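Enquirer: I would like to see how this sequence folds:
(one chain, ligands or ions: 1)
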Amino acid sequence: MSTLEEVFEETYGSPPTLLVRAPGRVNLIGEHIDYNGLPVFPMALQHEVRLALRPRDDETVRLHSNDQRFPPIHFEIEPAIEPWKKGSWGNYAKAPAQELAERFGIWQGFDGVLESDIPVAAGLSSSSAIVNAVGLALAHISEVSTEPRSLAAVMADAERYVGTQGGGMDQAISLGARDRCAAKITFHPLRLRHVVVPDDWCFIVADSGDVAEKSGALQAAYNLRRKECDEALRVMTAHLATEKITAQLCMSYPDLCGTIDAETLIKISEQVLQGSLLRRFRHAVTEAARVDEAVDRMLAADVHGFGALMDASHASLKTDYHVSTAALDELVAVAKEGGAAGARLTGAGFGGCVVVLASRWTVGEVLETLVTEYFERRHQAERLEERLFVAVPCRGASIREI
Ligand code: GLA
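Expert: Alright, predicted model coming up:
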């Protein structure tokens, strides 16, 4: 098989001059709360997007992918780039171009060839890795800051171009991660606290096989949850101000969670909110508390404590947030049967993957149980190495000359 550089030369007739890589991620805990400004705790994966490129002297971006599913694209950089139709992969390249053009006036394009081994539509941020890789390339060419945190904030805004009102977790971890570490990410301002993953902990990623295509039909369900969280916050803060429990009428989720403890907040919310607003609010508040606790459990190398928090997170995502599926629930149950310390769906849900925590001593048994009781039973055991693997916490995106 030809290397990325060889494909580049075959495609464009001369060698590339820059090589970018941007990893996917698995979120350990803190799901569906980044868009509320609440903390999350992901790590970057060994799977990544690689982009070989050569800058051009004009506004054109030409991009080929090694993956047959993604046909070649080209477009001109300008501050208002017309998106292709929903679901087109090229929109993930247009997104950073348009954002950087609008904010920093960049115009210089490139010829590029891209390859990726991040499973697609599996909740492992394959699309944010494309946004980050293209964004890092364009920013580097035009000498815009590529400092991970400032670029991550720009890329988080950029990706909303595709229509999903995402938070900033995926872009931040893919750009800012460190080797061997997970990172607690807090927002406004964006900060990453790097925590070394204990040597004898294994995070297994298992793909349910249900496709979680975020730019498709599930986009509406995702965006609706964000709206419901906003509405729940509005009702709660108005109530707290009227009752003179807090002084401000408008508060953010982090302000609220920093002022009143989770247990009290839940008690009040059970009186003030109903139906899905109550459930979304309860998930957001309890999940944020679990993230703080999870960081402490990892620092203390308490595998069972961390695992219990993952289990509680899954239960909350299933019953209060309604983003799980029968297949994800089954994977979680099978992993637990196999002796996992904890398991939960990871990413936006509605399909995709689970993340499972096991110790070095139990990981073999957990993997074996997942193979026999889930993948073989469902006759899905082919190309298993892509669907079941132990995650290696890797460093964030980089660019180098070749
Ligand atoms: C997607 C979004 C993230 C985050 C997760 C759910 O991956 O891009 O910002 O909201 O879903 O935690």
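Enquirer: which bits of this protein sit near the ligand?
Expert: Within the chain, the residues that sit near the ligand (Cβ under 6 Å from any ligand atom) are 27, 31-32, 34-35, 166-167, 169-170, 347-348. To be clear about C-beta, it is placed using only N, CA and C from the backbone, and glycine gets the same treatment.
Enquirer: where's the residue nearest the centre of the chain relative to residue 23, distance?
Expert: The chain has residue 170 as the residue nearest its centroid, 3.5 Å off, counting by Cα atoms, centre = their mean. With distances taken as Cβ to Cβ, to the nearest Å, residue 170 is found 10 Å from residue 23.
Enquirer: who does the longest strand anywhere in the chain pair up with?
Expert: Using DSSP state E, we find that the single longest strand of the chain is strand 41-55. Using DSSP bridges, the strands paired with strand 41-55 in its sheet are strand 18-29 (antiparallel), strand 110-116 (antiparallel).
Enquirer: could you dump it to PDB, C-alpha only?
Expert: The C-alpha coordinates for strand 41-55 follow below in PDB (Å, rounded to 0.1, in the frame of the first residue of the first chain):
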ATOM      1  CA  PHE A  41     -12.800  14.300  31.300                       C
ATOM      2  CA  PRO A  42     -11.700  12.800  27.900                       C
ATOM      3  CA  MET A  43      -8.400  11.500  26.600                       C
ATOM      4  CA  ALA A  44      -7.000  11.500  23.000                       C
ATOM      5  CA  LEU A  45      -6.600   8.200  21.200                       C
ATOM      6  CA  GLN A  46      -3.900   6.400  19.200                       C
ATOM      7  CA  HIS A  47      -6.300   6.700  16.200                       C
ATOM      8  CA  GLU A  48      -5.800   9.800  14.200                       C
ATOM      9  CA  VAL A  49      -6.300  11.800  11.000                       C
ATOM     10  CA  ARG A  50      -3.100  12.500   9.000                       C
ATOM     11  CA  LEU A  51      -2.900  15.200   6.400                       C
ATOM     12  CA  ALA A  52       0.000  15.700   4.000                       C
ATOM     13  CA  LEU A  53      -0.100  19.000   2.300                       C
ATOM     14  CA  ARG A  54       1.600  21.700   0.200                       C
ATOM     15  CA  PRO A  55       0.500  25.300   0.600                       C
END
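Enquirer: All the strands of the stretch 151-300 of the chain, in order from the start?
Expert: Per DSSP state E, counting those that start in this stretch, the stretch 151-300 of the chain carries strands over the ranges 181-186, 191-196, 201-207.
Enquirer: can I get the CA coordinates of the first one in CSV?
Expert: What follows is the C-alpha trace of strand 181-186 in CSV, where atoms were taken according to Å, rounded to 0.1, in the frame of the first residue of the first chain:
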residue,chain,number,x,y,z
CYS,A,181,-2.8,11.6,30.2
ALA,A,182,-6.5,12.2,30.3
ALA,A,183,-7.5,15.9,30.7
LYS,A,184,-10.1,17.6,32.8
ILE,A,185,-11.4,20.3,30.6
THR,A,186,-13.1,23.4,32.0
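Enquirer: in the stretch 151-300 of the chain, which ranges drop under the pLDDT threshold?
Expert: Where the stretch 151-300 of the chain drops to pLDDT under 70, the residues are 213-216.
Enquirer: Could you pull out the buried residues of whichever helix or strand residue 355 is part of?
Expert: Using DSSP states H and E, residue 355 maps to strand 353-359. Residues of strand 353-359 classed as buried: 353-359 (neighbour count, 16 or more other Cβ atoms under 10 Å).
Enquirer: next one: stretch 373-381
Expert: By neighbour count on 16+ other Cβ under 10 Å, the buried set for stretch 373-381 is 373-375.
Enquirer: For the residue of the stretch 301-402 of the chain found nearest the ligand, I want the exact helix or strand it lies within.
Expert: Of all residues in the stretch 301-402 of the chain, residue 348 sits closest to the ligand, at 3.6 Å by Cβ to the nearest ligand atom. Counting by DSSP H and E, there is no helix or strand that carries residue 348.
Enquirer: Is it in contact with residue 32, as I believe?
Expert: Yes - here residue 348 reaches residue 32: they are 7.2 Å apart, a contact under Cβ atoms under 8 Å.
Enquirer: If you count surrounding residues, which of those two has more?
Expert: Remark: of residue 348 and residue 32, residue 32 carries more neighbours, 26 against 23, as counted by other Cβ atoms under 10 Å.
Enquirer: Leaving out chain neighbours, which residue sits closest to that one?
Expert: Nearest residue to residue 32, sequence neighbours excluded (Cβ to Cβ, 6 or more residues apart in numbering): residue 321, at 5.9 Å.
Enquirer: which ones are touching the one you found?
Expert: 31-32, 225, 279-280, 283, 349 (Cβ atoms under 8 Å, 6 or more residues apart in numbering).
Enquirer: Just the CA trace of stretch 205-220, in CSV.
Expert: C-alpha atoms of stretch 205-220 as CSV (Å, rounded to 0.1, in the frame of the first residue of the first chain):
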residue,chain,number,x,y,z
VAL,A,205,-13.5,1.0,23.6
ALA,A,206,-16.2,-1.2,22.1
ASP,A,207,-18.3,-0.2,19.1
SER,A,208,-21.9,-1.2,19.2
GLY,A,209,-22.2,-1.2,15.4
ASP,A,210,-25.1,1.2,15.6
VAL,A,211,-24.2,4.2,13.5
ALA,A,212,-24.2,7.6,15.3
GLU,A,213,-24.0,10.0,12.4
LYS,A,214,-24.0,13.3,14.1
SER,A,215,-24.5,15.4,11.0
GLY,A,216,-27.6,13.4,10.0
ALA,A,217,-30.9,12.8,11.6
LEU,A,218,-29.5,12.8,15.1
GLN,A,219,-28.4,16.4,14.9
ALA,A,220,-31.9,17.6,15.8
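Enquirer: Phi and psi next, for residue 339.
Expert: Here is the backbone geometry of residue 339 (degrees, to the nearest 10): phi 100, psi 20.
Enquirer: So what's the residue count around the closest residue to it other than its chain neighbours?
Expert: Nearest non-adjacent residue to residue 339, counting by Cβ to Cβ, 6+ apart: residue 362, 4.6 Å away. Neighbour count for residue 362, taken as other Cβ under 10 Å: 16.
Enquirer: Surely residue 362 is in contact with residue 337?
Expert: No - under the criterion of Cβ under 8 Å, residue 362 makes no contact with residue 337, lying 11.9 Å away.
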